[in-house]
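Participant: Sequence and predicted structure are below.
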Amino acid sequence: MKRSTIFLIALLYLLVLLTLGLLFFTWPAFASLLPRSLGPVPIGVPWFGALGAVLLSLTGVFEHEHDWDESYWPWHIARPLIGIALGVVSVIILQAGILAVGSSPSPTPSPSPTPTPKASPSPSSSSNLSSSPTPSSSPSASPDSSPSPTPNGSPNAPPAKMPANLLYYLIAFLVGYREETFRELIKRLVDVILSPGGGSATVPAIHGVNPDQVPHNAPTQVVITGSGFADTQSVKFGLSVAQFTVNSDGLLTAMPLAVAAPGAVPLTVTTKGGSATHQFTFT
């Protein structure tokens, strides 16, 4: 799908999200139709996750102007749904961590001291005061009786606190915008927890490429020799993802896509054990 088409789709996503946010905050009747939360997740978390994901898609449209890969169009179409899913999962993970350490995501205001009521004068004392007036019997304002003003102008105003769920909203937005980083963190965490002990993946190595240069405007099959290719996850020529076949632990065949302009790029083979690079040239 063309870059201009993806831009229009991402822009439409953004307009829809901004419209929903405007309705939620300015139209109480619309907000009343929505639940306050989805289970343990505040209702605003999916919106912030989708917003971050759509902004990531728009960023990619401009950052990849010269190496646009049209095969990524499903990734852009699914951006809001991916952002919602990752935002919800990230908040649940955060909540699980908060419960595990027994803390709270927002500061809890300390209870204000209860004022002690003053004792009212007894009738006998009031009659004595009225029978023998003294200079102190006339009402006078005590300097300590009036409430002291606070910087915001209202007396005895409570201290400001962080808005509810602000941390959750921020986490959902950041995960939606940096979803690749979040996915890498989750994969590493799962590998540490669930991977069997006593084994380690082999780091790949590239010994040779045949041919080591191909035309930039015509897809050509490339044979890569080396070692540690059995668990290959991706093959890239620069930023362009190539189709590949694992023939054996020491042999790969890859088909780089046509690129916009000739030049030297790194050929990268990525496996579970790491990555290996080799210089490659498009003529």
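Facilitator: Perfect, thanks for sending it.
Participant: C-alpha only now, for contacts and for neighbours.
Facilitator: Fine.
Participant: residues contacting residue 83?
Facilitator: 46, 49-54, 172, 175-177, 179 (CA atoms under 8 Å, 6 or more residues apart in numbering).
Participant: Using a markdown table, lay out the residues you listed together with distance to residue 191, neighbour count and secondary structure.
Facilitator: As requested, the contacts of residue 83 are exported to a markdown table (distance: CA to CA, whole Å; neighbours: other CA atoms under 10 Å; DSSP: H, G, I helix; E, B strand; the rest coil):
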| residue | distance to residue 191 | neighbour count | secondary structure |
| --- | --- | --- | --- |
| 46 | 27 | 24 | helix |
| 49 | 25 | 31 | helix |
| 50 | 27 | 28 | helix |
| 51 | 29 | 24 | helix |
| 52 | 27 | 25 | helix |
| 53 | 25 | 32 | helix |
| 54 | 29 | 29 | helix |
| 172 | 23 | 31 | helix |
| 175 | 20 | 27 | helix |
| 176 | 22 | 34 | helix |
| 177 | 24 | 25 | helix |
| 179 | 18 | 21 | helix |
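Participant: Distance of residue 177 relative to residue 22?
Facilitator: 21 Å (CA to CA, to the nearest Å).
Participant: tell me the two of the contacts of residue 83 that are most distant?
Facilitator: Farthest pair in the contacts of residue 83 (CA to CA) is 46 and 179. Separation: 14.0 Å.
Participant: Would you point out which residue is most central in the protein?
Facilitator: Centroid check for the chain by CA atoms, centre = their mean gives residue 175 as the closest residue, at 1.8 Å.
Participant: From residue 9, how far off is that one?
Facilitator: 21 Å.
Participant: what does residue 21 give?
Facilitator: Distance of residue 21 to residue 9, given as CA to CA: 19 Å.
Participant: likewise residue 74?
Facilitator: 12 Å.
Participant: Check the contact lists of those two and give me the overlap.
Facilitator: Contacts common to residue 74 and residue 9, judged by CA under 8 Å, 6+ apart, are absent.
Participant: Neighbour count for the two, which is higher?
Facilitator: Neighbour comparison, residue 74 and residue 9: the larger count goes to residue 9, with 16 against 11 (by other CA atoms under 10 Å).
Participant: need the contact list for that one.
Facilitator: Taking CA under 8 Å, 6+ apart, we find residue 9 in contact with residue 77.
Participant: quick one, phi psi at it?
Facilitator: Main-chain dihedrals, residue 9, degrees, to the nearest 10: phi -70, psi -50.
Participant: now do residue 66
Facilitator: The phi/psi pair for residue 66 (degrees, to the nearest 10) reads phi -100, psi -10.
Participant: tell me the contacts of it?
Facilitator: Per CA under 8 Å, 6+ apart, neighbours of residue 66: residue 260.
Participant: going forward, begin numbering at 37 instead of 1
Facilitator: In the new numbering, first residue 37, that becomes residue 102.
Participant: State the distance from it to residue 255.
Facilitator: 18 Å.
Participant: Okay then, goodbye and thanks.
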